[in-house]
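J.: got a predicted structure here, sequence first:
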Amino acid sequence: MNDFQSRVRAVVAGLRPGEVATYGEVAEEAGYAGAARAVGRVLATSDGLPWWRVVTTTGRLVPGHEREHARRLLAEGISVAAGRVRPRGGNRQPR
């Protein structure tokens, strides 16, 4: 595992239930601003991370996995409508 992967894993592992971050926010917090797509690749190949707490900059859920993504977010109290996270106070929201 390289430095980027380790940092991304640490940021995502630190997301609390009910907290949502964008791929770009994760990349930035990991110290790799602009590496949002690479964050997606790390999540796709890593087990044990709360991947469902990460969405696109527009709040869109993971294509092809929307149903499971929405189920997990709803279980944590995050509103989802039309395949996107709906803003709510108290948690990070996609910009």
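T.: Done, it's in.

J.: what segments of the protein are helices?
T.: 3-13, 23-29, 36-44, 66-75 (DSSP state H).

J.: using PDB, write down the CA coordinates of the second one.
T.: Looking back up the chat, that one is helix 23-29. Listed next in PDB are the C-alpha coordinates belonging to helix 23-29 (Å, rounded to 0.1, in the frame of the first residue of the first chain):
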ATOM      1  CA  TYR A  23     -14.300  12.200  -3.300                       C
ATOM      2  CA  GLY A  24     -12.600  15.500  -3.700                       C
ATOM      3  CA  GLU A  25     -12.900  16.300   0.000                       C
ATOM      4  CA  VAL A  26     -11.300  13.000   0.800                       C
ATOM      5  CA  ALA A  27      -8.500  13.600  -1.600                       C
ATOM      6  CA  GLU A  28      -7.900  17.100  -0.200                       C
ATOM      7  CA  GLU A  29      -7.900  15.900   3.400                       C
END
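
J.: chain center to it, what's the gap?
T.: 9 Å (CA atoms, centre = their mean, to the nearest Å).

J.: any idea of the mean pLDDT in it?
T.: Across helix 23-29, the average pLDDT comes to 96.

J.: what do you get for the last one?
T.: Averaged across helix 66-75, pLDDT comes to 94.

J.: the longest one too?
T.: In this model, helix 3-13 has a mean pLDDT of 97.

J.: which parts of stretch 24-44 are buried?
T.: 24-30, 32, 35-36, 38-40, 42-43 (16 or more other CB atoms under 10 Å). Yep, even glycine has a C-beta here, placed from its N, CA and C like the rest.

J.: so which of these is the closest to residue 6?
T.: Nearest to residue 6 among these: residue 30, at 8.7 Å, using CB to CB.

J.: tell me how many other residues crowd the residue nearest to the closest one when sequence neighbours are not counted.
T.: In space, and not counting its chain neighbours, residue 30 is closest to residue 7: 3.7 Å by CB to CB, 6 or more residues apart in numbering. Residues near residue 7, counting by other CB atoms under 10 Å, number 19.
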